[in-house]
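Novice: Sequence first, then the predicted structure, then my questions.
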Amino acid sequence: MLNKRVRSVAEAVADVKDGATVMVGGFGTAGIPNELIEGLIEQGARDLVIVNNNAGNGDTGLAALLKTGRVRKIICSFPRQADSYVFDELYRAGKLELELVPQGNLAERIRAAGAGIGAFFTPTGYGTELAKNPDGGPKETREINGRMYVLEYPIYADVALIRAERGDVWGNLTYRKAARNFGPVMATGAKCTIATVHEFVELGQLDPENIVTPGIFVSRVVLVPRVATGAGGFKKEA
């Protein structure tokens, strides 16, 4: 029987290579696969390109990975917020490249990678600095039905790190509320998708109509304990 369950986070991320493009699920702190990020920090891969909606919060999770100095570039839609000081410091010092992508374009570029779409035209960004390529050259534009559009290309990834709620050994996944966000689309756009779950269930226990990410898009699944925030802000095992 096909079994995608692995024994540990370390085993799950062991073969992430230097120079890899890594999609990281999450919207702000919702749905961030912190355990996988910590495992990647311990694993030591460097010269990474990270794709995420944000650029880290505080000193943990994605911000902790940036702080190691092993991320060359980040592709995101919302890099700055009140506690994005790790990103701010690295970017202002010229130690981190940024490709800023409008949020809808970011989601669609990832979806295009998974759907086999070679490129697409979008009106978002036309006439702004976002209608330029990372090297500064203009992106292709076209008038369609009297409106101007910008040509955008898929974002492909070597690895996607996502956080789900429940899963089975075939890699079928469901999510919890807002933690769903970018996980499902990132799972389709990467060569290797690694997911954490808080609960493993037997095959057949997940209603096929409720499965969000089918196992065909998932390479590895690892069980992690749920960490909840208790009174006073301390963390406890739930």
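Specialist: Noted; the coordinates are in hand.
Novice: the helices in this structure, which residues?
Specialist: Counting by DSSP state H, the chain has helices at residues 9-12, 34-43, 62-67, 85-92, 103-115, 183-188.
Novice: Break the chain into its domains for me.
Specialist: As given by automatic domain parsing, the domain ranges for the chain are 9-116+155-237, 119-152.
Novice: Using CSV, lay out those together with mean pLDDT.
Specialist: Below are the domains of the chain laid out as CSV (pLDDT from 0 to 100):
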stretch, mean pLDDT
domain 9-116+155-237, 93
domain 119-152, 95
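Novice: Out of those domains, the one nearest Asn3 is which?
Specialist: Closest to Asn3 of the domains of the chain, according to Cβ to Cβ: domain 9-116+155-237, at 4.6 Å. (C-beta placed from N, C-alpha, C; glycine too.)
Novice: that older thread, highest mean neighbour count across the domains of the chain, which stretch is it?
Specialist: Ranked by mean neighbour count under mean count of other Cβ atoms under 10 Å, the domains of the chain are led by domain 9-116+155-237, which reaches a mean of 18.
Novice: Tabulate the domains of the chain (a markdown table), appending distance to Asn3.
Specialist: Below are the domains of the chain laid out as a markdown table (distance: least, Cβ to Cβ, whole Å):
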| stretch | distance to Asn3 |
| --- | --- |
| domain 9-116+155-237 | 5 |
| domain 119-152 | 37 |
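Novice: Please name whichever of these is nearest to Leu2.
Specialist: Nearest to Leu2, of all those, is domain 9-116+155-237, at 5.9 Å by Cβ to Cβ.
Novice: Leaving out chain neighbours, which residue sits closest to Met148?
Specialist: Tyr126 (4.8 Å; Cβ to Cβ, 6 or more residues apart in numbering).
Novice: My read is that that neighbour contacts Thr141, right?
Specialist: Yes. Assessed by Cβ atoms under 8 Å, Tyr126 is found in contact with Thr141 at 6.5 Å.
Novice: which residues are common contacts for these two?
Specialist: Met148, Tyr149, Val150 (Cβ atoms under 8 Å, 6 or more residues apart in numbering).
Novice: which one among those residues gets closest to Asn133?
Specialist: Among those, Val150 lies closest to Asn133 (Cβ to Cβ), at 10.5 Å.
Novice: Now do that closest one against Phe182, distance only.
Specialist: Noted for Val150: a distance of 22 Å to Phe182, by Cβ to Cβ, to the nearest Å.
Novice: So what touches stretch 7-23?
Specialist: Taking Cβ under 8 Å, 6+ apart as the rule, stretch 7-23 contacts 6, 35-36, 38-40, 42-43, 45-52, 110, 155-162, 182, 186, 189-190, 194, 196, 220, 222, 224.
Novice: Any idea what the residue nearest to Glu140 when sequence neighbours are not counted is bridged to?
Specialist: Setting aside the residues directly before and after it, Glu140 is nearest to Leu151 in space (Cβ to Cβ, 6+ apart), at 4.0 Å. For Leu151, the beta-bridge partners are Phe121 (DSSP bridges).
Novice: Quick check: Leu151 vs Gly116, distance?
Specialist: Distance, Leu151 to Gly116, using Cβ to Cβ: 17 Å.
Novice: And for Leu203?
Specialist: On the measure of Cβ to Cβ, Leu203 and Gly116 end up 29 Å apart.
Novice: Val201 contacts Val169, correct?
Specialist: No. Counting by Cβ under 8 Å, Val201 does not reach Val169; the two are 9.3 Å apart.
Novice: so which of the shared contacts of Tyr126 and Thr141 comes closest to Asp88?
Specialist: For those, the nearest to Asp88 is Val150 (27.7 Å; Cβ to Cβ).
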